[in-house]
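Can you look at this prediction? I've put the sequence above it.
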Amino acid sequence: MTFFQAGRMSPVIEAMHGRLVAEGCDRYTSGARLDAWGAGEVRSYTAWQQKPGFVGSAADGVPGPFSRDRLEVPDV
């Protein structure tokens with residue numbers, strides 16, 4: 001089971017949300033909880049993965065260690 005799954009709530013997800021918005025990868029469509037993983041996070045994270053050139057399965061919307069580190073999500 002992955003940490004980033006639908007409905008998961010965490011301060012890490014909220015911090016990631018802030019970084020995705022700051023990087024211009026805001027693909028959120030609602031004002032739902034900022035700390036909950038859902039479809040908006042997947043769309044936004046996919047946009048982030050595509051920004052530096054990830055394609056195909058490497059741009060699946062699921063954070064991996066390399067892309068997350070590159071996004072510079074603060075430790076919370």
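Noted; the coordinates are in hand. Residues are numbered from 1 along each chain as shown.

Remind me which helix or strand the nearest residue to Arg27 once chain neighbours are set aside belongs to.
Nearest residue to Arg27 in three dimensions, chain neighbours excluded: Arg43, at 3.7 Å (C-beta to C-beta, 6 or more residues apart in numbering). Just so you know, the C-beta spots here come from the backbone N, C-alpha and C atoms, and that holds for glycine as well. Assignment of secondary structure by DSSP states H and E places Arg43 within helix 39-50.

The spatially most central residue of the chain: what's it in contact with?
With distances taken as C-alpha atoms, centre = their mean, Tyr45 lies nearest the centre of the chain, 3.8 Å away. Residues in contact with Tyr45 (C-beta atoms under 8 Å, 6 or more residues apart in numbering) are Met16, Leu20, Cys25, Gly61, Val62, Pro63, Ser67.

list the contacts for the fifth one?
Pointing back at Val62 there. Thr2, Phe4, Val42, Tyr45.

Count the residues that sit near the third one.
This means Val42. 17 (other C-beta atoms under 10 Å).

I'd guessed the residue nearest to Arg27 sits against Gly61; true?
Yes - using C-beta atoms under 8 Å, Arg43 is in contact with Gly61, at 6.8 Å.

thinking again about what came up before, so which of the contacts of Tyr45 is the most crowded?
Among those, the one with the most neighbours (other C-beta under 10 Å) is Met16, at 25 neighbours.

what's the distance between it and Pro74?
Distance, Met16 to Pro74, by C-beta to C-beta, to the nearest Å: 9 Å.

now do Glu23
13 Å.
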